[in-house]
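**Q** here is a sequence with its predicted model. Questions after.
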Amino acid sequence: MSLVLVSPEPSAPDQTPLTAASETPMDRPDPAALAEKNRQEEQVLKKRFIGMVLGLVFAHVYVALALAYSYMDNHNHLHTCWLPLFGAFICGMIFVFHVSIS
């Protein structure tokens with residue numbers, strides 16, 4: 001047994017008016033403009049990557065300098081050169097900045 005829906009009036013095509021947005025097709029973006037935008041974004045990304053690498057490398061260099069200039073005296077007191085450690089902190093912050101904005 002099957003059900004069949006029957007309506008007394010014939011179905012008419014949808015008579016809804018078209019809006020202005022649906023009458024015009026979507027504009028395709030200009031390939032030259034997209035290529036230029038991609039090139040600019042790649043340049044920015046390349047600069048950020050260089051900043052990350054340099055920040056990380058120089059942070060390690062400054063830590064190595066701080067270790068090289070640290071020494072123990074006759075009373076077993078550790079004397080640390082704080083300037084390279086401050087440089088390592090600054091380079092580490094440069095690295096973190098470039099990582100966070102990428």
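**A** On my side now, so go ahead.

**Q** any stretches of the chain with poor pLDDT?
**A** Within the chain, the segments meeting pLDDT under 70 span 1-25, 102.

**Q** what about the helices in it?
**A** 20-23, 31-69, 82-101 (DSSP state H).

**Q** so the second one versus helix 82-101, what angle?
**A** Between helix 31-69 and helix 82-101, the angle formed by their directions is 160 degrees, by axes from the mean of the first three to the mean of the last three CA atoms, to 10 degrees.

**Q** which helices and strands sit right next to helix 31-69?
**A** Packed against helix 31-69 by the contact rule (3 or more CB pairs under 8 Å, 6 or more residues apart in numbering; DSSP states H and E) you find helix 82-101. No exception for glycine: its C-beta is placed from N, CA and C like everyone else's.

**Q** kindly export the helix it packs on (C-alpha atoms) in CSV.
**A** Extracted C-alpha coordinates of helix 82-101, given in CSV (Å, rounded to 0.1, in the frame of the first residue of the first chain):
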residue,chain,number,x,y,z
TRP,A,82,74.9,39.6,33.2
LEU,A,83,75.2,41.6,30.0
PRO,A,84,75.2,38.5,27.7
LEU,A,85,72.3,37.0,29.7
PHE,A,86,70.4,40.2,29.1
GLY,A,87,71.3,40.0,25.4
ALA,A,88,70.0,36.4,25.4
PHE,A,89,66.8,37.5,27.0
ILE,A,90,66.3,40.3,24.4
CYS,A,91,67.0,37.9,21.5
GLY,A,92,64.7,35.4,23.0
MET,A,93,61.9,38.0,23.1
ILE,A,94,62.6,38.8,19.4
PHE,A,95,62.2,35.1,18.6
VAL,A,96,59.0,34.8,20.6
PHE,A,97,57.6,38.0,18.9
HIS,A,98,58.2,36.6,15.4
VAL,A,99,56.7,33.3,16.4
SER,A,100,53.6,34.9,17.8
ILE,A,101,52.8,37.1,14.8
